[in-house]
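Chemist: Provided below for reference: sequence and predicted model.
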Amino acid sequence: MIIRVLLIDDDVDEHEVFSSALKNYSSNIICITANSWAESDTLLKHFRPDVVFIDMNMPITNGINSLKKIKEIPDLKNARLYIYSTGLYTTRDEKEALQLGALGWIKKSSKGDVKGYAMLFKKLFESGTSYESKPSFNLP
């Protein structure tokens, strides 16, 4: 089964690390990246992801507002949504994201670790739909 993933992040280096980790995890994943909400909005007219990872700290439209906009798209009501950040957020942001429908809040390391991401994908994709018992977790 092919898993369609969308990464929304303004950091192009993060796109590279993320994509490499997905390839290390499985060859059955298609990953599309967007640099902003505006770019992802255009992509979502033709691409229906199963999983969306959204960086919290983006200019113009942050992760919470991007999450709200994605939740308004009827075709994405079953998409698994995750917010992630290197640490520039509040617990209020985390709670709001979870209340809006994010399945988890990922606290990523600042070093861009391909192996850590691959381990994260294994946990997320093989454990079912969410981290219901622990919606907030750290990248290894």
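Modeler: Yep, that arrived. Numbers count the residues shown, from 1 in each chain.

Chemist: alpha carbons only for contacts and neighbour counts from here, please
Modeler: Will do.

Chemist: can you get me a residue count around Leu103?
Modeler: 22 (other Cα atoms under 10 Å).

Chemist: element containing the residue positioned nearest the centre of the chain?
Modeler: For the chain, Phe53 is the residue whose C-alpha lies nearest the centre (Cα atoms, centre = their mean; 0.9 Å). Element membership of Phe53, judged by DSSP states H and E, is strand 51-55.

Chemist: what lines up beside that strand in the sheet?
Modeler: strand 3-8 (parallel), strand 80-85 (parallel) (DSSP bridges).

Chemist: how far away is Val52 from Pro74?
Modeler: 15 Å (Cα to Cα, to the nearest Å).

Chemist: with neighbour numbers in mind, choose between those two.
Modeler: Per other Cα under 10 Å, whichever of Val52 and Pro74 has more neighbours is Val52, with 24 against 8.

Chemist: quick check: that one vs Leu103, distance?
Modeler: For Val52, the distance to Leu103 - Cα to Cα - is 10 Å.

Chemist: next: Lys68.
Modeler: Counting by Cα to Cα - Lys68 and Leu103 are separated by 13 Å.

Chemist: about what we covered before: what do Val52 and Leu103 both touch?
Modeler: Counting by Cα atoms under 8 Å, 6 or more residues apart in numbering, the shared contacts of Val52 and Leu103 are 80-82.

Chemist: by neighbours, which of these wins?
Modeler: Neighbour max across the shared contacts of Val52 and Leu103 (other Cα under 10 Å) = Leu81, 28 neighbours.

Chemist: dig out what the residue nearest to the centre of the chain forms beta bridges with.
Modeler: Leu7, Tyr82.

Chemist: so what pLDDT did it get?
Modeler: pLDDT recorded at Phe53 is 94.
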